[in-house]
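Enquirer: kindly generate the corresponding structure for this input.
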Amino acid sequence: MFSKILIANRGEIALRIIRACRELGIETVVVYSEADRNASYIELADEAICIGPASPAQSYLNIPAIISAAEVADVDAIHPGYGFLAENAHFAQICLDCGIAFIGPRPESMRMLGDKVAARELAKKAHVPVVPGSDGQIKDEKEAIKLANKIGYPVIVKAAAGGGGRGMRVAHNDISLRNAFATARAEAESAFKDGTVYLEKYIIEPRHVEVQIMADKSGNALHFFERDCSIQRRHQKLIEESPCPILDERTREELCKAALKVIKEAKYENAATVEFLLDRNKKFYFIEVNTRIQVEHPVTEMVTGIDLIKMQLRVAGGQNINLKQRDITHSGVAIECRINAEDPDRNFAPCPGKVDKFILPGGMGVRVDTHIYQGAVVTPYYDSMIAKLIVHRPTREEAIITMKRALSEFRIGPIKTTIPACFKILSHNMYLQNKVDTSFIEQHLS
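Expert: Have a look, this model is predicted:
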């Protein structure tokens, strides 16, 4: 096991990792930008090192500064959290080249699965169903139109690299496909420095369902069941729950086995999330693998009772997973609401500023993961998520009731947040009846 690690991230995930390390007896070093100088978690780490100005490019994405901090602090490993450099294979390789363990997958696995075209081919090799589409990249709009007419509209153009909904465009005919192809390619080039795109059949009214996986260095891989992440806006998740409320046990077992097939085919190590689309007939299709811990990992922790961050640390430190698949069970229902500093009444526009009021909810089955405190300043430089509110109750109905109660207790001001939007969603008849898909917010909350 490691004796000292550096956390190459910020916000609530930095605090989450600090807590897991403290319980395992591991010292922690946090890096921070000048904008995060007053962050609450800095006081809880054993050491803190400033790595640059507020701009992510000069701080949290500054690989030389992070490696220098790791060497000065003499750490054994680096945990990248999620976002920033978490899925950067180049960064992972530099860590290893410098004799610093990377708490995540091997760089070669990250490269392979980080490329959605390559990941799609790997899934097909593992005999896991994929969405009908191109065998590889689409080179020009002529090729895109030919394939779209073969598989049928609507189709979606996707960037091979990156994620977060960038480089994705839906087209319903030849004319819109020409525009979608050019726009997705330009956006991918700008965001990921890679304009490679591919094309898939666009699944109508899909649910987004993902499977949490952990694999060790000895080839053992286990699933921790699924999460339903269908409540999204602009491909960014807002509410997640486990288990998926419409899955029967047979489909759940097939889905989780399919996810394990992908991970084993990739010879993967550490935490991963295998993502699928579920159509109206409950047929699932592989879409991608996230090669890191997910924002919504607490949902899985609540229904399984397993600390995924601790398991990440143990696996990265060379320990085998001391569980069998039959040991992993799930009970009850967990729901997570992402509390973002955004104004739902202005199309979820970012709403940075000072937090003058901050009152946390509590009670039976309520968990809050946050780094914010009264007097903290939400800056415009980073992701707008400032807290995660998670509830765990015996049934979905009880979980929804508890979540609505917790949301009504949660007071943040004067900045605007997504709390009212989450409350509206949880009160909507379509959500209560499990009749949701990834376009729910656009259809019902626009």
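Enquirer: count of residues packed around residue 428?
Expert: Neighbour count of residue 428, defined by other C-beta atoms under 10 Å: 15. In this view, the C-beta of every residue, glycine as well, is placed from N, C-alpha and C.
Enquirer: and it, how far from residue 35?
Expert: Distance of residue 428 to residue 35, computed by C-beta to C-beta, to the nearest Å: 37 Å.
Enquirer: do the same with residue 308
Expert: Taking C-beta to C-beta as the measure, residue 308 and residue 35 are separated by 28 Å.
Enquirer: what average pLDDT does stretch 177-184 get?
Expert: Per-residue confidence for stretch 177-184 averages out to 95 on the pLDDT scale.
Enquirer: same deal with stretch 283-298?
Expert: Confidence over stretch 283-298, taken as the mean pLDDT, stands at 97.
Enquirer: top strand in the protein by residue count?
Expert: Among all segments of the chain classified by DSSP state E, the strand with the greatest residue count is strand 221-233.
Enquirer: C-alpha coordinates for that one, CSV please?
Expert: What follows is strand 221-233 as a C-alpha-only set of coordinates in CSV (Å, rounded to 0.1, in the frame of the first residue of the first chain):
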residue,chain,number,x,y,z
ALA,A,221,-12.6,-8.1,-12.8
LEU,A,222,-15.9,-7.5,-11.0
HIS,A,223,-19.0,-5.5,-11.7
PHE,A,224,-20.9,-3.4,-9.1
PHE,A,225,-24.2,-3.3,-10.9
GLU,A,226,-25.6,-0.5,-12.9
ARG,A,227,-26.6,3.2,-12.7
ASP,A,228,-29.3,4.9,-14.8
CYS,A,229,-27.9,8.3,-15.9
SER,A,230,-30.7,9.2,-18.4
ILE,A,231,-31.5,12.6,-16.8
GLN,A,232,-29.1,14.9,-18.7
ARG,A,233,-28.8,18.3,-20.3
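Enquirer: partners of that strand, with directions?
Expert: As defined by DSSP bridges, the strand partners of strand 221-233 come to strand 207-215 (antiparallel), strand 236-242 (antiparallel).
Enquirer: residues of the last one that come out buried?
Expert: By neighbour count, with 16 or more other C-beta atoms under 10 Å as the criterion, the buried positions of strand 236-242 are 236-242.
Enquirer: just checking, residue 242 touches residue 332?
Expert: No: because the distance of 9.3 Å does not satisfy C-beta atoms under 8 Å, residue 242 is recorded as not touching residue 332.
Enquirer: overlap in contacts of these two?
Expert: Common contacts of residue 242 and residue 332 (C-beta atoms under 8 Å, 6 or more residues apart in numbering): 302-303.
Enquirer: can you map out the helices along the stretch 201-350 of the chain?
Expert: Residue ranges of the helices in the stretch 201-350 of the chain, as given by DSSP state H, counting those that start in this stretch, are 249-265, 297-304, 308-316.
Enquirer: so what's residue 290 closest to, chain neighbours aside?
Expert: residue 273 (4.4 Å; C-beta to C-beta, 6 or more residues apart in numbering).
Enquirer: tally of neighbours for the one you found?
Expert: Considering only other C-beta under 10 Å, residue 273 is surrounded by 23 other residues.
Enquirer: still on that earlier bit, so which of the helices of the stretch 201-350 of the chain is the most surrounded?
Expert: helix 297-304 (a mean of 24; mean count of other C-beta atoms under 10 Å).
Enquirer: could you dump the strands paired with strand 221-233 to JSON lines with mean pLDDT and distance to residue 122?
Expert: Conversion of those to JSON lines gives the following (pLDDT from 0 to 100; distance: least, C-beta to C-beta, whole Å):
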{"stretch": "strand 207-215", "mean pLDDT": "98", "distance to residue 122": "14"}
{"stretch": "strand 236-242", "mean pLDDT": "97", "distance to residue 122": "24"}
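Enquirer: need those strands in TSV with distance to residue 129, can you?
Expert: Formatted as TSV, the strands paired with strand 221-233 follow (distance: least, C-beta to C-beta, whole Å):
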stretch	distance to residue 129
strand 207-215	13
strand 236-242	22
